[in-house]
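> Based on what follows, work out the 3D shape:
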Amino acid sequence: METSPDTYLVLDKPGISEIKIKGSRFLAEAIPVSSVEEADAALLAIKKRDYDATHHCSAYRIGSDGNTFRYNDDGEPNSSAGLPIYRQIEGRNLTNSLVVVIRYYGGTKLGTGGLVRAYGEAASLALDAAQVKEIIPRTALRFVFDYDDTSPAMHTISQFDVIVLETSYSERTSMTLDIRSSQVDAFRAVFLEALGGRGDELA
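I've put the predicted structure just below:
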């Protein structure tokens with residue numbers, strides 16, 4: 001799924017997968033999270049639930065810009081587990097996402113290359129099974145204007161990605177608008193110009 005420059009992708013619903021390679025089982029879970037604390041809590045819960053697993057390798061990416069991230073090999077060779085998991089998240093341009101891959105060792109060593117492929121594949125399949133949604137950052141603002149300016153006000157609203165949250169009428173019309181964040185400055189400028197400076201924004 002492609003995004004616009006001012007949107008980002010997150011997991012909407014979790015996904016799971018399981019693969020078996022040379023006797024080892026790799027169980028992967030892709031989980032929606034909104035903070036580092038939530039990701040840490042979800043990982044801890046999985047570790048407690050699957051306490052008898054050999055490894056609990058993980059990666060997460062948090063925030064609208066995806067700049068908060070972490071990956072962990074949990075005892076596997078350096079960069080053979082957490083990093084390939086993280087690359088699956090990053091490669092799909094996902095954020096607010098945690099992937100945990102649980103390994104039950106089957107007695108045969110896979111080597112670093114084999115581990116990279118196994119953890120990456122398990123993570124990829126879990127993300128394939130999850131549902132993704134696009135988030136559009138929005139900002140709520142309140143504007144007031146005279147009744148005679150209703151037509152230019154509504155025309156301005158129709159030109160932008162705006163959701164009318166609330167409208168009230170007294171001496172002046174008051175509207176609470178949910179505006180696409182990237183369009184806020186442009187909307188303000190066009191709104192005030194269209195109303196000849198008679199419209200006001202309320203804090």
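> and the worst-scoring helix or strand of the chain on mean pLDDT, what does it pack onto?
Least confident helix or strand of the chain, by mean pLDDT, DSSP states H and E, is strand 200-202 with a mean of 81. Under the contact criterion of 3 or more C-beta pairs under 8 Å, 6 or more residues apart in numbering; DSSP states H and E, strand 200-202 touches strand 138-145. Heads up, the C-betas are built off the backbone N, CA and C, glycines and all.
> which parts of the strand it packs on are buried?
Buried residues in strand 138-145, defined by neighbour count with 16 or more other C-beta atoms under 10 Å: Arg138, Leu141, Phe143, Val144, Phe145.
> Next one: the first one relative to Leu11, how far apart?
Distance from Arg138 to Leu11, counting by C-beta to C-beta, to the nearest Å: 20 Å.
> Residue ranges in this protein under the pLDDT threshold?
1-5, 203 (pLDDT under 70).
> hey, where'd the strands end up in it?
For the chain, the strands defined by DSSP state E cover 8-13, 15-21, 24-32, 55-62, 68-72, 94-95, 97-104, 131-135, 138-145, 162-169, 173-180, 200-202.
> Turn those strands into TSV, columns for distance to Val116.
Listed next are the strands of the chain as TSV, based on distance: least, C-beta to C-beta, whole Å:
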stretch	distance to Val116
strand 8-13	23
strand 15-21	12
strand 24-32	12
strand 55-62	11
strand 68-72	12
strand 94-95	20
strand 97-104	12
strand 131-135	24
strand 138-145	39
strand 162-169	45
strand 173-180	40
strand 200-202	53
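> out of these, nearest to Arg117?
When those are compared by C-beta to C-beta, strand 15-21 sits nearest Arg117, at 8.3 Å.
> Show me what the nearest residue to Ile163 once chain neighbours are set aside bridges to in the sheet.
Leaving aside its chain neighbours, Ile163 sits nearest to Asp178 (4.1 Å; criterion: C-beta to C-beta, 6 or more residues apart in numbering). Listed by DSSP bridges, the beta-bridge partners for Asp178 are Ala140, Ile163.
> Between strand 24-32 and the lengthiest helix in the chain, find me the angle.
The longest helix of the chain (DSSP state H) is helix 111-129. Interaxial angle of helix 111-129 relative to strand 24-32 (axes from the mean of the first three to the mean of the last three C-alpha atoms, to 10 degrees): 40 degrees.
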